[in-house]
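**Student:** The following block contains a protein sequence and its predicted model.
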Amino acid sequence: MSLIVFPAIDLKGGQVVRLAEGDMNRATVYGDNPAAQALLFAEAGAQHLHVVDLDGSFAGHAVNAEAVEAIVAAFPGHVQLGGGIRNRQAVERWFDLGVSRIVIGTAALKDPEFVKAAAREFPGGIVVAVDARDGFVATDGWAEKSDMPVVDLARRFEDAGVASLLFTDVGRDGLLKGCNIEATVDLARATDIPVIASGGVAGIADIRILSLHADEGIEGVITGRALYDGRLDLKTALAVAQAAA
């Protein structure tokens, strides 16, 4: 099974940005046309896209809905969306608009029954975000750190039917330090849910190493700043991920 490479589009104020360590005050703007960026990724061969409504993560509801809708309309592949999706109505609305998978983070910790019910109602459509700061779950746009260990949150959903776990090392996100491969693989080994790696991807070496662990439960990898800064070529990343299958 080949590793899925998810180019990331993070939205703040309708613009394409990347944050450093999830800090909204440390945003780098990469463009003001998210749909055009989605098309560029598609032209490079991407079949999957990871979109985050950053403002929504803090507000607890959709803020960049217009930009997300434009991305979904423009991108011919699968769009995975996260950011402020914390109730059934929001989940249903985005699926109706053509989103393929919904990422739920804060609500997974604070309202696990909602997440489990959504996973039952939308089989294969719910991804649980396991955002880690120093080994514990971070919530509310990563602004808060809980007292729950990452593995405990992951195991809570083992029998719930969630599609995947999205594991982000918050301390590396947007810093190009390299993905926390050890922690990502450890999580994949500790649970029977496929894991998507995120946070700190610096270049092709991260893609190559993660692809070697695809048979251990690593389903995919999300990359943003490395693509926007030109440190990682998307076509090359897709080819490396495919070759390891």
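**Tutor:** Okay, I see it. Residues are numbered from 1 along each chain as shown.

**Student:** List the contacts of the residue lying closest to Thr191 once chain neighbours are set aside.
**Tutor:** Taking CB to CB, 6 or more residues apart in numbering as the measure, Thr191 lies nearest to Ala154, with 4.7 Å between them; neighbours along the chain are not counted. For glycine as for every other residue, the C-beta is placed from the backbone atoms N, C-alpha and C. Ala154 makes contact with Val128, Val130, Leu165, Leu187, Ala190, Thr191, Ile193, according to CB atoms under 8 Å, 6 or more residues apart in numbering.

**Student:** So which of those are in helices?
**Tutor:** If you go by DSSP state H, these have Leu187, Ala190 in helices.

**Student:** Compare the contacts of Ala154 and tell me which is most surrounded.
**Tutor:** Val130 (28 neighbours; other CB atoms under 10 Å).

**Student:** Mind listing the residues bridging to it?
**Tutor:** Phe167 (DSSP bridges).

**Student:** need the contact list for it.
**Tutor:** Gly105, Ala108, Val137, Val150, Leu153, Ala154, Leu165, Leu166, Phe167, Thr168, Leu187.

**Student:** and with 6 Å instead?
**Tutor:** Val130 makes contact with Val150, Leu153, Ala154, Leu165, Phe167 under the criterion CB atoms under 6 Å, 6 or more residues apart in numbering.

**Student:** and which of those residues is nearest Arg101?
**Tutor:** Taking CB to CB as the measure, Arg101 sits nearest to Leu165 out of the contacts of Val130, at 12.2 Å.

**Student:** Now do the same contact list for the closest one.
**Tutor:** Counting by CB under 6 Å, 6+ apart, Leu165 makes contact with Val128, Val130, Ala154, Ile193, Val195.

**Student:** Taking the contacts of Val130, tell me the two that lie furthest apart.
**Tutor:** So for these, where distance means CB to CB, the most widely separated pair is Leu153 and Phe167, at 10.3 Å.

**Student:** Look at the two and report which has more neighbours.
**Tutor:** Phe167 (27 against 23).

**Student:** wait, doesn't that one sit right on Ala188?
**Tutor:** No: the pair Phe167 and Ala188 fails to qualify as a contact (CB atoms under 6 Å) at a distance of 8.3 Å.

**Student:** Where does the residue nearest to Thr191 sit: helix, strand or coil?
**Tutor:** Judged by DSSP: H, G, I helix; E, B strand; the rest coil, the three-state class of Ala154 is helix.

**Student:** how much space between it and Phe95?
**Tutor:** Per CB to CB, to the nearest Å, Ala154 is found 24 Å from Phe95.

**Student:** returning to that earlier point: farthest pair in the contacts of Ala154?
**Tutor:** Longest span within those, CB to CB: Val128 and Ala190, 14.1 Å.

**Student:** any idea where the helices of this structure begin and end?
**Tutor:** Using DSSP H, helices in the chain cover 34-43, 54-59, 65-74, 88-96, 106-110, 112-121, 150-156, 181-190, 204-212, 225-228, 234-243.

**Student:** Nearest to Phe6, out of the ones you listed?
**Tutor:** Using CB to CB, these put helix 34-43 closest to Phe6, at 9.4 Å.

**Student:** List of residues touching the closest one?
**Tutor:** Against helix 34-43 from outside (CB under 6 Å, 6+ apart): Pro7, Ile9, Val16, Gly31, Leu49, Ala67, Ala70, Ile71, Ala74, Phe75, Pro76.

**Student:** Quick check: which ranges of this protein have low pLDDT?
**Tutor:** Low-confidence regions of the chain, defined here as pLDDT under 70, cover residues 139-145, 171-176, 245.

**Student:** distance from the centroid: which residue in it tops it?
**Tutor:** Here the chain reaches farthest from its C-alpha mean at Ala243, the gap being 22.7 Å by CA atoms, centre = their mean.
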